[in-house]
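In: Requesting a structural model of the entry that follows:
(one chain, ligands or ions: 1)
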Amino acid sequence: MPVSILDLVFPSVCLWCSEQSGLLCERCLDRLPKTAIEVFRGEGMSFRGAAFGRLDADAKLFLHEVKDRQQTAYLKAIGPHLAASFDNQLEHLGWQSAQLVPIPPSQRGWSSRGFNPAESLVRELVRHSRFPLKLTRAIEYRRTVDDQRVLSASQRSQNLAGAFVVPRPDRLHGPKAIFIVDDVVTTGSTILAARSALAEAGFEAAGFFAFAETFLKNATTGTKWV
Ligand SMILES: [Zn+2]
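Out: This is a model prediction of the structure:
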């Protein structure tokens with residue numbers, strides 16, 4: 001049988017279970033988390049946010065496809081599920097609308113990928129949410145930072161301390177509830193540095209949202225996933 005053009009563009013088996021279905025099968029989509037996980041980071045675990053799920057093997061495989069192989073169709077395939085998870089958290093916190101501020105990619109991320117996975121995540125939330133959400137590119141790097149993936153927890157925190165800036169606070173007009181969005185939350189150094197930058201500009205972040213959350217398994221050697 002000749003290879004169809006669709007087979008070249010879209011994978012023909014489910015990423016997670018290899019069933020013949022294309023992208024992600026119905027059964028795997030049905031098994032996705034229905035409610036967000038509450039996640040706490042920062043001093044005394046005082047910064048409250050949420051994650052779509054844990055960084056398990058399926059989530060790692062998913063992120064590898066999306067981030068390293070630019071298979072953003074996978075992100076689109078779970079867009080409604082991601083938005084339902086975020087909506088669940090937004091409602092839980094008593095908000096009716098929000099601004100979503102994606103973490104910008106480091107210099108290294110830009111040069112190797114050419115797109116921002118956190119911003120792609122925000123786009124899916126905006127597209128599928130039941131609430132009016134606004135994408136706000138408010139945060140930029142003030143200086144270059146080292147690759148977080150090879151650093152310990154304390155090194156990560158130092159690496160990112162004061163790393164972000166809000167160059168144009170006027171961009172943050174709109175809904176009062178500001179959520180920082182990243183693909184993965186590990187030690188929380190990144191979202192906490194983003195929260196500090198927002199605070200310096202006079203804005204209090206209402207929380208954060210990530211695709212997946214995890215803790216550093218081996219703080220001395222670091223982990224592959226940031
Ligand atoms: Zn499947």
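
In: where does the residue most central in space within the chain fall, phi/psi-wise?
Out: By Cα atoms, centre = their mean, the chain has its centre lying nearest to Asp183, at 2.3 Å. Here is the backbone geometry of Asp183 (degrees, to the nearest 10): phi -70, psi -50.

In: thought it was touching Val122?
Out: No: counting by Cβ atoms under 8 Å, Asp183 stays clear of Val122, with 10.5 Å between them. Backbone N, C-alpha and C define where each C-beta goes, glycine included.

In: The helix or strand Leu192 falls within packs against which elements?
Out: Following DSSP states H and E, one finds Leu192 within helix 189-200. Applying 3 or more Cβ pairs under 8 Å, 6 or more residues apart in numbering; DSSP states H and E, one finds that helix 189-200 contacts strand 47-54, helix 153-160, strand 164-165, strand 178-185, strand 205-213.

In: Mind listing what's buried along that helix?
Out: Residues of helix 189-200 classed as buried: 189-198 (neighbour count, 16 or more other Cβ atoms under 10 Å).

In: Would you reformat these as TSV and include distance to Ser154?
Out: Below are those laid out as TSV (distance: Cβ to Cβ, whole Å):
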residue	distance to Ser154
Ser189	9
Thr190	15
Ile191	17
Leu192	13
Ala193	14
Ala194	19
Arg195	18
Ser196	17
Ala197	20
Leu198	23
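
In: which residues sit against the helix of greatest length in the chain?
Out: For the chain, the helix reaching the highest residue count under DSSP state H is reported as helix 79-92. The contact list for helix 79-92 (Cβ atoms under 8 Å, 6 or more residues apart in numbering) reads 29, 32-36, 38, 50, 52, 75, 96, 98, 121, 124-125, 127-131, 177, 179, 207, 209, 211.

In: same thing with stretch 114-133?
Out: In contact with stretch 114-133 (Cβ under 8 Å, 6+ apart) are residues 63, 66-67, 70, 72, 75-76, 78-80, 82-84, 86-87, 90, 95-100, 102-105, 109-110, 134-135, 137, 175, 181-183, 209, 211.

In: again, but for stretch 14-25
Out: Outside stretch 14-25, the residues within contact range by Cβ under 8 Å, 6+ apart are 10-13, 27-28, 58, 61-62, 65, 73-74, 77-78.

In: returning to what we had before: between the helix holding Leu192 and strand 178-185, how big is the angle?
Out: With axes from the mean of the first three to the mean of the last three Cα atoms, to 10 degrees applied, the angle from helix 189-200 to strand 178-185 works out at 170 degrees.

In: from the chain's centre, how far out does helix 189-200 sit?
Out: Relative to the centre of its chain, helix 189-200 is centred 15 Å away, using Cα atoms, centre = their mean, to the nearest Å.

In: Could you list the residues of the protein in contact with the ion?
Out: 14, 16-17, 19, 25, 28 (Cβ under 5 Å from the ion).

In: Check those residues for the minimum pLDDT and say which it is.
Out: Ranked by pLDDT, the residues of the chain next to the ion bottom out at Glu19, which has 90.
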